[in-house]
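Trainee: Build the 3D model from these lines:
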Amino acid sequence: MDSSFTPIEQMLKFHASRHEDFPYQEILLTRLCMHMQSKLLENRNKMLKAQGINETLFMALITLESQENHSIQPSELSCALGSSRTNATRIADELEKRGWIERRESDNDRRCLHLQLTEKGHEFLREVLPPQHNCLHQLWSAHMQAKRVRRIS
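Mentor: Reported below is the predicted structural model:
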């Protein structure tokens, strides 16, 4: 059975046969990385969708969970996610609606707002992360096994 990458590989081989100076290996590896990235994202989005969340909301929760006090300013969240402040506000609105975060004023500066991960947000992550981690272990197990074999040899 052919993989979903086979047509791309065949097209590149054909092009290389017609153009002597075609950097086949470099383009093949680049296209393979792009292909794998889209497949990884597709798989991940499917898993997240089953949990009722999308990649952006998930990464926002992970970002909050990774902070020392599980708290971050909206502008810092925007920067961490590589999104606009307006979009970070929408993300925070959705997370707050689900009860996963609370907006809190800073103890030091009332003008400063913090997004705080709630216990419900922590619970959601405790529920969703183990299946994610298992999936990643399965996905990369062949690669890790090959790496171990090379180290032993």
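Trainee: Thought Leu77 was touching Arg87, still the case?
Mentor: Heads up, residue 87 is Asn, not Arg. No - here Asn87 lies out of contact with Leu77, judged by C-beta atoms under 8 Å, at a distance of 9.8 Å. (C-beta placed from N, C-alpha, C; glycine too.)
Trainee: Looking at the two, which one has more neighbours?
Mentor: Counted by other C-beta atoms under 10 Å, Asn87 and Leu77 do not tie: Leu77 has more neighbours, with 24 against 14.
Trainee: dump the residue contacts of the more buried one.
Mentor: By C-beta atoms under 8 Å, 6 or more residues apart in numbering, the residues touching Leu77 are 60, 63-64, 88, 91-92, 115.
Trainee: for the protein, where's the lowest mean pLDDT among helices and strands?
Mentor: The helix or strand of the chain with the poorest confidence is helix 119-152; it has a mean of 82 (mean pLDDT, DSSP states H and E).
Trainee: Against which helices or strands is it packed?
Mentor: helix 24-50, helix 55-65 (3 or more C-beta pairs under 8 Å, 6 or more residues apart in numbering; DSSP states H and E).
Trainee: Comparing those by mean pLDDT, which bottoms out?
Mentor: Among the helices and strands packed on helix 119-152, helix 24-50 carries the lowest mean pLDDT, a mean of 88.
Trainee: Can you mark which positions in it are buried?
Mentor: 28, 44, 48 (16 or more other C-beta atoms under 10 Å).
Trainee: Out of the contacts of Leu77, who's the most crowded?
Mentor: In terms of neighbours by other C-beta under 10 Å, the contacts of Leu77 top out with Ala60 at 28 neighbours.
Trainee: who's in contact with stretch 57-71?
Mentor: Contact with stretch 57-71 is made by 48, 53, 72, 77, 80-81, 91-92, 94-95, 100-101, 104, 114-117, 121-122, 124-125, 128, as judged by C-beta under 8 Å, 6+ apart.
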